[in-house]
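Student: Predicted coordinates and the sequence they were generated for:
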Amino acid sequence: MVDRFPVEAGHIMLFARAVGDTNPIYYSEEAAKQTEPGGIIAPPTFVQASAQFDPEYGLRPKIGQRWFGSGKSPSGSNAEPPAETAPRAGGGGGSGLHAEQHYEYHRHLRPGDVLHAVTKPGKTWEAEGRRAGKLKFSESITEYYDQNNNLVITARSVGVQTERPVSQG
Amino acid sequence: MALKASQLKIGDRHEVVVVRELSRTQIVQYAGASGDYNPLHTDEVFTTQVAGYPAVFAHGMLSMGLTGKMLTDYVGDGRLTKFGVRFVSQVFPGDTLTAKAEVEAVRSEGGQHFVDLKLSTVNQDGKEVVQGSASARIDP
């Protein structure tokens, strides 16, 4: 659950840098004024950064809590990884991966927007994978609303839990 | 500049190299910006010794974000109405990615014009890493 996701110009800039996008509309209010939207907007995958504003998000180290990444040992903390995302205890080494992501834009985000999101579970299904064993897929639908309670982006995400690491080649 | 329905044909293609030799640092940069700190993307020790992968690999969403850069440069700022992808292969440090769009349909709906695109992003070996589709509002 994301109760409050403030869309900020600095965050848009950092996100655009990370995806290697030099479009001035993400960096400069002055330059953005000359564009059709008439101001800074967010890149199309920016709402993924709502994870920053989800207090329960399992893939961010929490202050004062153990973390499952490496430290003194390869999985340093001995902390349990989040169930759906990290290697399963007991071996096999399968893990949670992102399989699909779909967005529908009702309008584009601008600095100053304050979003909240509602996520609902979708379908689940299983398949036998050629490269990673049994695959368990699960879908979730997230609706992002703005400060006026208007739906701005609908996101559909599919995650997959693999039985073992995906073999390469 | 936005695309024009009158100038688009089914089968028109657009492609751009969206990253050359992806660095681990750019993956770290994406982790920081997006908030997805899964060690599979940034922690080589954990990923090779615990998770059993040959190296850290990019977030699927980084591949989608890189593909999105090609897309918004092609259709114009603020014109995208839909964008969806499947992550079909992993992207590893050192990979060079080319994002491609192909016009599948040009249509009008409620007095507005739209283009439907088929998307494919491939690595330096021609292996597809992302496949998807997008729609955008275009000029007449």
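Tutor: Nice, thanks for sending it over. Numbering: from 1, shown residues only, chains lettered A, B, ... in the order given.

Student: mind checking the SS state of residue A:127?
Tutor: strand (DSSP: H, G, I helix; E, B strand; the rest coil).

Student: who touches it in this structure?
Tutor: A:134, A:135, A:137 (CB atoms under 8 Å, 6 or more residues apart in numbering or on different chains). C-betas here are computed from N, CA, C, even on glycine.

Student: cool, residue A:134 as well?
Tutor: A:126, A:127, A:128, A:162, A:163.

Student: Dump stretch A:33-52 to PDB, restricted to CA.
Tutor: Output of stretch A:33-52 as PDB, limited to C-alpha atoms (Å, rounded to 0.1, in the frame of the first residue of the first chain):
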ATOM      1  CA  LYS A  33       8.100  25.000 -20.900                       C
ATOM      2  CA  GLN A  34       8.900  24.900 -24.600                       C
ATOM      3  CA  THR A  35       7.400  21.400 -25.000                       C
ATOM      4  CA  GLU A  36       3.900  20.300 -25.700                       C
ATOM      5  CA  PRO A  37       3.100  19.300 -22.100                       C
ATOM      6  CA  GLY A  38       4.400  22.800 -21.100                       C
ATOM      7  CA  GLY A  39       6.200  21.600 -18.000                       C
ATOM      8  CA  ILE A  40       8.200  18.700 -16.500                       C
ATOM      9  CA  ILE A  41       6.500  15.300 -16.700                       C
ATOM     10  CA  ALA A  42       7.700  12.000 -15.400                       C
ATOM     11  CA  PRO A  43       9.100   9.300 -17.700                       C
ATOM     12  CA  PRO A  44       6.700   6.500 -18.500                       C
ATOM     13  CA  THR A  45       8.000   3.900 -16.000                       C
ATOM     14  CA  PHE A  46       8.400   6.400 -13.100                       C
ATOM     15  CA  VAL A  47       5.500   5.100 -11.000                       C
ATOM     16  CA  GLN A  48       7.600   2.000 -10.300                       C
ATOM     17  CA  ALA A  49       9.500   4.300  -7.800                       C
ATOM     18  CA  SER A  50       6.400   4.300  -5.600                       C
ATOM     19  CA  ALA A  51       8.300   1.500  -3.900                       C
ATOM     20  CA  GLN A  52      10.200   4.300  -2.200                       C
END
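
Student: That stretch near chain B at all?
Tutor: Yes - applying CB under 8 Å from any CB of the partner chain, one finds stretch A:33-52 in contact with chain B at A:35, A:36, A:37, A:41, A:43, A:44, A:45, A:48, A:49, A:51, A:52.

Student: biggest separation within the residues you listed, which pair?
Tutor: Farthest apart among those by CB to CB are A:36 and A:51. That separation is 29.4 Å.
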